[in-house]
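Student: below: sequence and its predicted model.
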Amino acid sequence: MPAALASQGQNGGIGPMASTLEVLAHILPARLLKPRVAIVCGSGLSTLASSLRDVVEVPYSSLEGFGKSTVEGHRSALAFGLLGEGNGIPVVAMLGRFHPYEGHSLSTVVYPIRVLARLGVRDIIITNAAGALNPSLDVGTIVSIQDHLAIPNLAGFNPLLGPARPNYPRFLPLSTAYSRPLRRLVFLAAHTLGLPRAALAEGTYAWVSGPSYETPAEGRFLRAAGADVVGMSTVPEVLAAREEGLNVAVLSLVTNKVVIPEYSSVREEVEAELAGKSIQRAKDAEVSHEEVLSVGKQKAEVMKTLVAKLIELIVSEQP
Ligand SMILES: O=P(O)(O)O[C@@H]1C[C@H](O)[C@@H](CO)O1
């Protein structure tokens, strides 16, 4: 395997794990140190952690091995806290994530997931902002992800690249990566909260490296290949989480429709113009990160309520 590819992966190890865990053990009170469930907050969704109480925030800068989230809408800290009444459920949230397009290696992107697993997390709820490829998905819909299509993984950009390690599978199966029991609880949570049926859909997530958004041809290609939404994160985290033995649920918030106009010929337009006819053409549209963040802000509350209810259900089924 080319060295450049191997170094994109797990770096043959688990980074400065002992040091990271030691710092956390030093900072956190015992009731927060062993989180049961983890949340990864997508673009504009760091307020998902605001349902926690007794929160202790740990900046990534104090944790060796962590990078810095440089994307607007992501904060560089872990939030440890309790959810619900009484003793509460210990939960940890990544208030921001690392994307490969920021210049982070894949091993840095997934390092926090490996840390969370070692703290005792059993279930992880990964959220993201995504563009809709499936025309039936409206902006603001939450999509419970059931599968993924990861062209970068298929092409050799995979966080699991690297030497085999003891106690880790060499060949990770992904046919059940998105936990069916957790997906069931996602729909039960939505039902319990009385969310309208259309607020929550199911679908397949296409991972692209970004940071450029898709061209219309790429959008058509991903749709034709079976994806419902597209985004620039999540899949590396899912792979690491599965490798670490965590149960995974992924919730994508549709923040925009991917612009996939029908192919429209300029030649035909010019010929029509010359013939004195006019052709009606849809207006050009473009997606922006500002739009993504604005929808995230509008829908963060419903996403937060859904995630909190999901965590309650997870823990009531598997204390
Ligand atoms: O971190 P997520 O996947 O939520 O962020 C999405 C994908 C890109 O990072 C960015 C594009 O607007 O939002």
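Tutor: Ah, there it is.
Student: for stretch 66-74, list every residue counted as buried.
Tutor: Going by neighbour count (16 or more other C-beta atoms under 10 Å), the buried part of stretch 66-74 is F66, G67, S69, V71, G73, H74. Heads up, the C-betas are built off the backbone N, CA and C, glycines and all.
Student: the ligand: which of the residues you listed is nearest?
Tutor: Nearest to the ligand among those: V71, at 5.6 Å, using C-beta to the nearest ligand atom.
Student: touching, that closest one and E102? I think so.
Tutor: Yes: if you go by C-beta atoms under 8 Å, V71 and E102 touch, sitting 6.5 Å apart.
Student: hmm, back to that, report the two of the buried residues of stretch 66-74 separated the most.
Tutor: The span of these, defined through C-beta to C-beta, is set by F66 and G73 at 18.0 Å.
Student: which parts of the stretch 1-150 of the chain sit against the ligand?
Tutor: Within reach of the ligand by C-beta under 6 Å from any ligand atom, the stretch 1-150 of the chain has these residues: G42, S43, V71, R97, H99, N128, A129.
Student: just the ones in strands from those, please.
Tutor: Mapping these onto strands (DSSP state E) picks out N128, A129.
Student: turn the residues of the stretch 1-150 of the chain next to the ligand into JSON lines, including distance to A117 and pLDDT.
Tutor: Below are those laid out as JSON lines (distance: C-beta to C-beta, whole Å; pLDDT from 0 to 100):
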{"residue": "G42", "distance to A117": "20", "pLDDT": "95"}
{"residue": "S43", "distance to A117": "24", "pLDDT": "92"}
{"residue": "V71", "distance to A117": "24", "pLDDT": "92"}
{"residue": "R97", "distance to A117": "16", "pLDDT": "97"}
{"residue": "H99", "distance to A117": "20", "pLDDT": "97"}
{"residue": "N128", "distance to A117": "20", "pLDDT": "97"}
{"residue": "A129", "distance to A117": "24", "pLDDT": "97"}
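Student: which one (most neighbours) among the residues of the stretch 1-150 of the chain next to the ligand?
Tutor: For those, the largest number of neighbours (other C-beta atoms under 10 Å) sits with G42, at 30 neighbours.
Student: can you give me phi and psi for that one?
Tutor: Per-residue torsions, G42: phi -80, psi -180 (degrees, to the nearest 10).
Student: list the residues that contact it.
Tutor: The contact partners of G42, by C-beta atoms under 8 Å, 6 or more residues apart in numbering, come to R97, I126, T127, N128, A129, S233, T234, S252, L253, G296.
Student: and for R170?
Tutor: A164.
Student: for it, give its distance to S252.
Tutor: Going from R170 to S252 by C-beta to C-beta, to the nearest Å gives 30 Å.
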